[in-house]
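A.B. asks: Quick one, structure for this:
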Amino acid sequence: MKNISQATITIILMISIISGCSKGEKITFKGKSENWNVVFDISMATNDKEKNEGRYTIKYTGNSVYEGKIDYEIKGTYLNESGTFPLKEGKVESSTIDNYPYQLEEEISIRIIWDGKEENIKITKE
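C.D. replies: Sure, this is the predicted structure:
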């Protein structure tokens, strides 16, 4: 009986240690426009030594086929990023590692420019 309780305690301790190493709160922002669908998933850091890990997907949903490049700007209260990406199979998937306080954001603005066109999308926290 003593061996069973020691084994149980050991397993509980191991689970606690492994859980402590995982990321914290998960935050998702979503939004869409006439031609685009955007999802931004973030795993928040649990302490000051870690960084947030984000993954965003920008998917073209327009009626015509477009496989060129897009220019984008992402703006929030604490976030300001821009760049150019080629679409692959009608979408852009990218990752980010940073220290932005996403939990304080309620809405993020995304501007997409492609093929002489432009759309602005508000993605909101779900």
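
A.B. asks: List the residues that contact the closest residue to Glu106 other than its chain neighbours.
C.D. replies: In this structure, Glu106 finds its nearest non-sequential neighbour in Lys125, 5.8 Å apart by C-beta to C-beta, 6 or more residues apart in numbering. Just so you know, the C-beta spots here come from the backbone N, C-alpha and C atoms, and that holds for glycine as well. Counting by C-beta atoms under 8 Å, 6 or more residues apart in numbering, Lys125 makes contact with Ile27, Thr28, Phe29, Glu105, Glu106, Glu107.

A.B. asks: Could you provide the residues you listed in TSV, with additional columns for neighbour count, secondary structure and pLDDT?
C.D. replies: Shown next, in TSV, are the contacts of Lys125 (neighbours: other C-beta atoms under 10 Å; DSSP: H, G, I helix; E, B strand; the rest coil; pLDDT from 0 to 100):
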residue	neighbour count	secondary structure	pLDDT
Ile27	17	strand	94
Thr28	12	strand	96
Phe29	23	strand	96
Glu105	19	coil	89
Glu106	10	coil	91
Glu107	12	strand	94
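
A.B. asks: Kindly provide the distance from the residue nearest the centre of the chain to Tyr100.
C.D. replies: In the chain, the residue lying closest to the centroid (C-alpha atoms, centre = their mean) is Asp41, at 2.9 Å. Per C-beta to C-beta, to the nearest Å, Asp41 is found 14 Å from Tyr100.

A.B. asks: same check, this time on Thr57
C.D. replies: If you measure Thr57 against Tyr100 using C-beta to C-beta, the figure is 18 Å.

A.B. asks: neighbour-wise, which of those two wins?
C.D. replies: More crowded of Thr57 and Tyr100, by other C-beta atoms under 10 Å: Tyr100, with 19 against 13.
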